[in-house]
Structures are given as C-alpha cells and as structure tokens.
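> I would like to see how this sequence folds:
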Amino acid sequence: QVQLVESGGDLVQPGGSLRLSCVGSGFTFRNYSMSWYRQAPGKERELVARINSGGITTNYADSVKDRFTISRNNAKNTMYLQMNSLKPDDTGVYYCARRISGTDRDWGQGTQVTVSS
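Presented below is the predicted three-dimensional model:
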C-alpha cells in the first residue's frame, strides 16, 4: 500500500525557516519524481516544487524561487522542503505527492504551516 507521510509543519514568524519532510513507503521511492503542493484557506491547491527521481532536476513556483529548496534522500525514502524567509502568504497545508506518468496521483495527509507574528 502506497503511503506518504508529511511532517515538520509549525507556526513560525515571518522571516523564519522550516523544513518539511515526506516519507514514502509501499513503492520504490527512488524510481519516482515527487512534488510538494500547498493549499491556502479558500484557495486551490498549487504546485510549490518538484524534483525528479534522481534528485538532479528541480522546478519551483515563481513565488518560492530563491527561498525554498526541494531535495531528497533516496536511501531514506524521504523528500524535503527547506523553506526560508517565510511570508504570511506561505501559510497553508503542505502536501507531498508521487508523480506517475506525468500526473501527481498519490497524496499524503498534509502538514500545516502557519506564518504569523
């Protein structure tokens, strides 16, 4: 059974940092591209960043470029999202997803990130 579990969300002040983790199980983690999404209250889910199976190629939403870094450790079946210089607009539930044939199909339960003073 495929399972994705996110962790690391918290309440943080503007300008602060957080690192999110996503642990995958039930599939061969190293074979799949992975994505981070977020959903703010009242808004649609949006892509934040994506990383290919080998961890070499990454893509970011314009709103997080130069502030967020996506990475992965295939030996630990884990993907990360390092978030720096956080802003109130970064508030939301962050989800990880497994990408299959160009579509993000399997999702975790999400972890809440709140940026507020």
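> Spell out which residues sit in contact with residue 32, please.
24, 53, 98, 99, 100 (C-beta atoms under 8 Å, 6 or more residues apart in numbering). Every residue, glycine included, has its C-beta placed from N, CA and C.
> now with 6 Å?
Listed by C-beta atoms under 6 Å, 6 or more residues apart in numbering, the contact set of residue 32 reads 53, 98, 99.
> now those residues as TSV including secondary structure and neighbour count?
As requested, the contacts of residue 32 are exported to TSV (DSSP: H, G, I helix; E, B strand; the rest coil; neighbours: other C-beta atoms under 10 Å):
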residue	secondary structure	neighbour count
53	coil	16
98	strand	23
99	strand	17
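> Dump the residues you listed into JSON lines; add pLDDT as well.
Below are those laid out as JSON lines (pLDDT from 0 to 100):
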{"residue": "53", "pLDDT": "96"}
{"residue": "98", "pLDDT": "97"}
{"residue": "99", "pLDDT": "96"}
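> What is the least confident helix or strand in the chain?
strand 103-107 (a mean of 93; mean pLDDT, DSSP states H and E).
> Show me what that one packs onto, helices and strands only.
When contacts are defined as 3 or more C-beta pairs under 6 Å, 6 or more residues apart in numbering; DSSP states H and E, strand 103-107 sits against strand 92-100.
> Quick check, central residue of the protein?
A centroid search over the chain (C-alpha atoms, centre = their mean) returns residue 36, at 2.9 Å, as the residue closest to the centre.
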